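*Asks:* Give me the fold of what follows.
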Amino acid sequence: MKHQMICAALLACMLSSHAFARDSVTNYSVESALTSEGGKVDQDIALYFAGQAHPGVVKSFGEFATNKKTNSFGKSDETACQHVFLSAVMALQDRVRKEGGNAVINIKSNYRNVERESATEFTCGAGAVVAGVALKGEVVTLKK
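*Replies:* Okay, the predicted model is just below:
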């Protein structure tokens, strides 16, 4: 009998967590996010979001994607989304270093495989405890 009561309690907890699950998908400012935590983004690796003009491409290393998550518990959606956006941008910059390029161009949001091209906004999904940002962009060497 005790085993059945424990199973019933666990089932009730699991069902109630789904009932209160939240997944708010919102767009936030790229500029605000890039300046939200100073010094995290490498200024030596150029970032060009979809539609932004950039110098000519000398060499393309291909398109790369990143999908980052962060703990959002106790944080506003905007704060959590800005933080995880920076993580995603830093992952793209790490890929530039690995490939030997100097920039990422045509960066776009790719949250849940839904592409959104914007030079000014990124898409973030935020729940009760996790926020996520997915980006993709082309790693290149640009003319100097």
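
*Asks:* same question for stretch 38-55, mean pLDDT?
*Replies:* Throughout stretch 38-55, pLDDT has a mean value of 96.

*Asks:* distance between it and the chain's centre?
*Replies:* 15 Å (CA atoms, centre = their mean, to the nearest Å).

*Asks:* nearest residue to residue 59 other than its sequence neighbours?
*Replies:* Excluding the flanking residues, the one nearest residue 59 by CB to CB, 6 or more residues apart in numbering is residue 141, at 4.4 Å. Bear in mind the C-beta positions are built from the backbone N, C-alpha and C, glycine included.

*Asks:* Relative to the whole chain's centre, how far out is the longest strand anywhere in the chain?
*Replies:* Ranked by residue count and defined by DSSP state E, the top strand of the chain is strand 57-71. Chain-centre distance of strand 57-71: 11 Å, with CA atoms, centre = their mean.

*Asks:* Name the residues that touch stretch 35-42?
*Replies:* Contacts with stretch 35-42, where a contact means CB atoms under 8 Å, 6 or more residues apart in numbering, come from 34, 47, 79, 82, 83, 86, 89, 90, 93.

*Asks:* do that again at 7 Å, thanks
*Replies:* 34, 82, 83, 86, 89, 90, 93 (CB atoms under 7 Å, 6 or more residues apart in numbering).

*Asks:* wait, the second one sits on residue 33?
*Replies:* What it means is residue 82. Yes - if you go by CB atoms under 7 Å, residue 82 and residue 33 touch, sitting 4.2 Å apart.

*Asks:* residue ranges for the helices of this protein, please.
*Replies:* For the chain, the helices defined by DSSP state H occupy 2-19, 30-34, 77-99.
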